[in-house]
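Participant: prediction below, plus the sequence it came from.
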Amino acid sequence: MPDLSPRLDELARAGLARRRRTVEGAEGAHVIVDARRYLAFCSNDYLDLARHPALVEAARRGAERYGIGAGASALISGHTRAHEELELALARFVRMPRALHFAAGYMANLGILAALAGRGDTVFSDQLNHACLVDGARLSRAEVRVYPHLDLGALERMLADCASPGKLVASDAVFSMDGDIAPLPELLALCERHDAWLVVDDAHGFGVLGEGGRGTLAHFGIASPRIVYMGTLGKAAGVHGAFVAGDDALIEWLVQRARTYVFTTATPPLLAVALVKSLELIEAEEHRRQRLRTLIERVRESFSGLPWELKASKTPIQPLVVGDNRAALELAEGLRERGLWVPAIRPPTVPAGSARLRIALSAAHNVEHVDELAAALRELSRTR
Ligand SMILES: *Cc1c(COP(=O)(O)O)cnc(C)c1O
């Protein structure tokens, strides 16, 4: 048996060891950890729906009707009325022909890429894509070509160069550690010109961007049968899981062939019941997105003059790039001492030399919370 401790020590020496903190409870924008209350900027629960009483009540109703576990995979007997209604509601919500519910975004991306690309095909992937698009591309056995972040010229040359029968371009819509938005209309035009699928991972845009929170496709006003739209339901939607939306034939193919759909137990039906409620709130409660826009503006104003680079971002993901792993950890630690919890993100989640604080805003925050964070950062910048 190989000894893993030298490898663990190596991680620790490089400042790359990660540690989980056990959260005892949460209340608004605050969480309780180690018997202390922190103002947290960690969560992807952008709309502050994860603890919404209407969702808790919907889950309770779901549990009463269906129990807890689905008991089988969807293709055997795990696809309940609740799942069916959720898929219809999701398709209606994103205004696409059909939707398929997955247990997680990670599973959805693995399933999509391996079902749509295979040996001899080529997957084109943005350099900063989320790990599960990277893993899905590997799993597909297609050739993988990584293009520099948002470099459409490089992507176009790669596409023009490619003789594969099947081509697939995969991109985060909102990049998870940078908060920038992919130019989806231009990506779609390239895919049309080169007859490629466009897989859009909207984990961070769904619920947040576009009219009614319909996501990044709605933000740009684009639609196409070659778009494979993946949204996650554990972030802005506040619950768990993910979905893929697209053309009828595409979704039917995924039902038949996406192995991460076929060979796994269906999600607890009570989550589907909660998600239908969540979609209603996402659409109806524009004030949550308005709050986010106010907070984003406040961050952009109040962080000016800090010695770290606040990356250009119009989304609730506001990255403050520190560079060095240890320096990023120390800054996060300094904030923690002041009762603020902001995660330091290090390689391999981000490229080497670009360790950062990933400030995630949510509708649970108010401008005073942002001001408190800005003041603490200012103080820490002086003691560097
Ligand atoms: C979080 C995330 C996922 C994974 O979704 P889960 O439902 O958490 O598995 C996929 N893609 C991106 C860009 C993400 O940020």
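Facilitator: Cool, the structure landed. What you are looking at is a predicted structure, and each value in this text was computed from that prediction instead of being measured. Numbering: from 1, shown residues only.
Participant: show me what contacts the closest residue to the ligand within the stretch 201-350 of the chain?
Facilitator: Distances between the stretch 201-350 of the chain and the ligand by C-beta to the nearest ligand atom are smallest at residue 203, namely 3.4 Å. Quick note: C-beta positions are derived from backbone N, CA and C, even for glycine. Going by C-beta atoms under 8 Å, 6 or more residues apart in numbering, residue 203 touches 44, 105, 130, 172-174, 176, 230-232, 235, 242.
Participant: which of the residues you listed has the most neighbours?
Facilitator: Of all these, the highest neighbour tally under other C-beta atoms under 10 Å goes to residue 231, namely 31 neighbours.
Participant: spell out the residue ranges of the strands in the stretch 251-384 of the chain.
Facilitator: 309-310, 317-323, 340-341, 344-345, 355-360 (DSSP state E, counting those that start in this stretch).
Participant: pick the most buried one from those.
Facilitator: Most buried of the strands of the stretch 251-384 of the chain, by mean neighbour count (mean count of other C-beta atoms under 10 Å): strand 355-360, with a mean of 24.
Participant: quick one, it and strand 317-323 angle?
Facilitator: Here the directions of strand 355-360 and strand 317-323 differ by 160 degrees (axes from the mean of the first three to the mean of the last three C-alpha atoms, to 10 degrees).
Participant: so what sits opposite the nearest residue to the residue of the stretch 201-350 of the chain closest to the ligand once chain neighbours are set aside in the bridge?
Facilitator: Excluding the flanking residues, the one nearest residue 203 by C-beta to C-beta, 6 or more residues apart in numbering is residue 232, at 4.2 Å. Beta-bridge pairing for residue 232 (DSSP bridges): residue 242.
Participant: show me the contacts for residue 232.
Facilitator: Per C-beta under 8 Å, 6+ apart, neighbours of residue 232: 104-105, 108, 202-203, 206, 241-242.
Participant: and the residue of the chain nearest the ligand?
Facilitator: For the chain and the ligand, the shortest gap (C-beta to the nearest ligand atom) falls at residue 105, measuring 2.3 Å.
Participant: residues in contact with that residue?
Facilitator: By C-beta under 8 Å, 6+ apart, the residues touching residue 105 are 132, 201, 203, 230, 232, 234, 242.
Participant: one more time with 7 Å
Facilitator: 132, 203, 230, 232, 242 (C-beta atoms under 7 Å, 6 or more residues apart in numbering).
Participant: for residue 195, state which of those is nearest.
Facilitator: Closest to residue 195 out of the contacts of residue 105 is residue 230 (20.7 Å), distances taken as C-beta to C-beta.
Participant: in a strand, that closest one, correct?
Facilitator: Yes: applying DSSP: H, G, I helix; E, B strand; the rest coil, one finds residue 230 inside a strand.
Participant: same list (the strands of the stretch 251-384 of the chain) but as CSV, adding distance to the ligand and mean pLDDT.
Facilitator: As requested, these are exported to CSV (distance: least, C-beta to the nearest ligand atom, whole Å; pLDDT from 0 to 100):
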stretch, distance to the ligand, mean pLDDT
strand 309-310, 20, 96
strand 317-323, 9, 97
strand 340-341, 19, 98
strand 344-345, 12, 95
strand 355-360, 11, 97
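Participant: of those, which approaches residue 155 most closely?
Facilitator: strand 317-323 (22.9 Å).
Participant: follow-up on the earlier one: can you redo the contacts of residue 105 as CSV with pLDDT?
Facilitator: Shown next, in CSV, are these (pLDDT from 0 to 100):
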residue, pLDDT
132, 97
203, 98
230, 98
232, 98
242, 98
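Participant: Serialize these to CSV and add fields for distance to residue 147.
Facilitator: Listed next are the contacts of residue 105 as CSV, based on distance: C-beta to C-beta, whole Å:
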residue, distance to residue 147
132, 18
203, 20
230, 19
232, 23
242, 24
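Participant: any idea which element the residue of the stretch 201-350 of the chain closest to the ligand lies in?
Facilitator: Taking DSSP states H and E as the definition, one finds residue 203 inside no helix or strand.
Participant: relative to residue 275, which of the strands of the stretch 251-384 of the chain is closest?
Facilitator: Checking the strands of the stretch 251-384 of the chain against residue 275 by C-beta to C-beta gives strand 355-360 as the closest, at 21.1 Å.
Participant: contact partners of the closest one?
Facilitator: 41-44, 177, 299, 316-325, 328, 331-332, 342-346, 350.
Participant: how about the residues of the stretch 201-350 of the chain near the ligand?
Facilitator: 201, 203-204, 232, 234, 242 (C-beta under 6 Å from any ligand atom).
Participant: state the phi and psi torsions of the residue nearest the centre of the chain.
Facilitator: Closest residue to the average C-alpha location of the chain: residue 203 at 3.1 Å, with C-alpha atoms, centre = their mean. Torsion angles at residue 203 (phi, psi; degrees, to the nearest 10) stand at phi -50, psi -40.
Participant: grab the nearest non-local neighbour of residue 294.
Facilitator: Closest residue to residue 294 apart from its sequence neighbours, by C-beta to C-beta, 6+ apart: residue 367 at 6.7 Å.
Participant: which residues of this structure score low on pLDDT?
Facilitator: By pLDDT under 70, the weakly predicted segments of the chain are 384.
Participant: any idea how many residues pack against the residue lying closest to residue 381 once chain neighbours are set aside?
Facilitator: For residue 381, ignoring the flanking residues on the chain, the nearest one in space by C-beta to C-beta, 6+ apart is residue 307 at 5.2 Å. A count of nearby residues for residue 307, using other C-beta under 10 Å, gives 11.
Participant: is it true that residue 307 touches residue 383?
Facilitator: No: counting by C-beta atoms under 7 Å, residue 307 stays clear of residue 383, with 11.7 Å between them.
Participant: separation between residue 164 and residue 378?
Facilitator: 52 Å (C-beta to C-beta, to the nearest Å).
Participant: more neighbours: which of these two?
Facilitator: Per other C-beta under 10 Å, whichever of residue 164 and residue 378 has more neighbours is residue 164, with 17 against 14.
Participant: for that one, phi and psi?
Facilitator: With angles defined as degrees, to the nearest 10, residue 164 sits at phi -60, psi 150.
Participant: right, I'll call it a day here.
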